[in-house]
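Asker: What shape does this take:
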Amino acid sequence: MSWIHTINYKEAKGPLKKLYDRIKGPYRTIDNVLTIHSLRPHTLSGHMALYKSVLHHSENTLPKWYLEALGIFTSHLNNCTYCFEHHLAGLSRLWRDNEKTQSFKDAVLRDHVKTFFEPKWNAGFQYAKNLTLDPQNLNEQDIVPLRNVGFTDGEILEINQVVSYFNYVNRSVVGLGVNLKGDVLGLSPNDSDDPNNWNHN
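Answerer: Here you go, the predicted structure:
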């Protein structure tokens, strides 16, 4: 499901098989975004450690739905349909509100996110847009609006790390032609209290 050869769960051996056993979802499914690392398992391990830390960690203080929403927005800016659809499904699972999820999707696609959220959350989306589309022109003044609406510096770091992570994974996916074929959308390692639990459920 990509432009390079990948190794599926049944074919995996050794360290790769052990990693797959840690991250597998229902029926031993492995998301295509993860199988693209199969020829270099050490990068899969690094990817999962980063992903779990920035999006699914109990020491993050921003709501998980907000971090997911930032990732969806960033994926849209990068034209990464794979991550957009996966994380939109994950957001829907968090909200348990299909109508709200659809409204958010429409707002993103129409570039109307500011009409969907209150001003505090919108400041993070503007920062995400600047970091994704115009990073070379960022300066310290771009942090000021985040502080002005009440984000702590630790929360600003969380926003920065989520947006930076999605820029990384969007480019991995788009650059290797990863598609959604065979994936179960919206699964994630949700046990935030255990950073070593990478199981997708």
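Asker: Quick check: nearest residue in space to Ile72, chain neighbours excluded?
Answerer: His87 (4.9 Å; C-beta to C-beta, 6 or more residues apart in numbering). Every C-beta, even on glycine, is put in place using the N, C-alpha and C of the backbone.
Asker: Hmm, the one you found is touching Ser75, no?
Answerer: Yes - His87 is in contact with Ser75 according to C-beta atoms under 8 Å; the separation is 6.7 Å.
Asker: Can you check the distance spanned by stretch 167-187, start to finish?
Answerer: Across stretch 167-187, the terminal residues are separated by 20 Å (C-alpha to C-alpha, to the nearest Å).
Asker: Pull out the buried residues from the helix ranked longest in the chain.
Answerer: Longest helix in the chain by number of residues (criterion: DSSP state H): helix 153-175. By 16 or more other C-beta atoms under 10 Å, the buried positions in helix 153-175 come out as 155-156, 158-167, 169-170, 172-174.
Asker: before we move on, what about stretch 92-104?
Answerer: For stretch 92-104, the neighbour count (16+ other C-beta under 10 Å) marks Ser92, Arg93, Leu94, Thr101, Phe104 as buried.
Asker: Please tell me I have it right and Leu138 contacts Asn130.
Answerer: Yes - counting by C-beta under 8 Å, Asn130 is a contact partner of Leu138 at 5.9 Å.
Asker: Report the mean confidence score over stretch 115-133.
Answerer: Mean pLDDT, stretch 115-133: 95.
Asker: show me what contacts His5?
Answerer: Leu39 (C-beta atoms under 8 Å, 6 or more residues apart in numbering).
Asker: same thing but 10 Å
Answerer: Residues near His5 by C-beta atoms under 10 Å, 6 or more residues apart in numbering: Ile36, Ser38, Leu39.
Asker: Please indicate which of those residues are buried?
Answerer: For the contacts of His5, a neighbour count by 16+ other C-beta under 10 Å gives the buried set as Ile36, Ser38.
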